[in-house]
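In: can't give you the sequence, but here's the structure:
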């Protein structure tokens, strides 16, 4: 996990020097492959549900920045317990890109249908339209709404 946190730190430094006010600036980060590799390793090493809230913030931050590639999201969908834990943390996370990614992931993940529905209901009441839309699509995909 230390390696992933180091990679996220490198991204943050790059972002300070690079980020513009508009557009998908994150897409141009040259070392996404290293972040993806370290995220995959970290998920394989962590027992299900072993994330804590301090690590969740870092996961949600990098998930939000990967909103075009959605590779981090794909890794989390393959690890449902971690995705469901992060979903609970994401409800109050300030970045709508992270909340939207999680809402979309809930439509793709296998898990307890009641828990997934409860979380999607929260995201369908999000103040951000993008998050609400992604939660609605995920709810339709899961068959919760028609």
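Out: That came through fine. As the structure is a computational prediction, the values presented were derived from the model and not from experiment.

In: can you give me the neighbour number for the nearest residue to residue 119 once chain neighbours are set aside?
Out: If the residues on either side of it in the chain are set aside, residue 119 comes closest to residue 87, at 4.7 Å by Cβ to Cβ, 6 or more residues apart in numbering. Where you see a C-beta, it was placed from the backbone N, CA and C, and this is true even at glycine. Residues within reach of residue 87, counting by other Cβ atoms under 10 Å, total 25.

In: per-residue pLDDT of residue 87, please?
Out: Looking at residue 87, its pLDDT is 96.

In: do you know how far it is from residue 76?
Out: As judged by Cβ to Cβ, to the nearest Å, residue 87 and residue 76 stand 9 Å apart.

In: what residues are shared contacts of those two?
Out: residue 105 (Cβ atoms under 8 Å, 6 or more residues apart in numbering).

In: still on that earlier bit, so the residue nearest to residue 119 is in which element?
Out: Residue 87 is located in helix 80-90, with elements delineated by DSSP states H and E.

In: next secondary structure after that helix?
Out: Next along from helix 80-90, by DSSP H and E: helix 96-106.

In: helices or strands up against that next one?
Out: Under the contact definition 3 or more Cβ pairs under 8 Å, 6 or more residues apart in numbering; DSSP states H and E, helix 96-106 sits against helix 53-65, helix 71-77, helix 80-90, helix 113-123, helix 129-142.

In: pick the most buried one from these.
Out: helix 80-90 (a mean of 21; mean count of other Cβ atoms under 10 Å).

In: tell me the helices and strands packed up against that helix.
Out: helix 53-65, helix 71-77, helix 96-106, helix 113-123.

In: need those helices in JSON lines (columns: distance to residue 46 and mean pLDDT).
Out: Listed next are those as JSON lines, based on distance: least, Cβ to Cβ, whole Å; pLDDT from 0 to 100:
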{"stretch": "helix 53-65", "distance to residue 46": "9", "mean pLDDT": "92"}
{"stretch": "helix 71-77", "distance to residue 46": "12", "mean pLDDT": "97"}
{"stretch": "helix 96-106", "distance to residue 46": "17", "mean pLDDT": "98"}
{"stretch": "helix 113-123", "distance to residue 46": "19", "mean pLDDT": "98"}
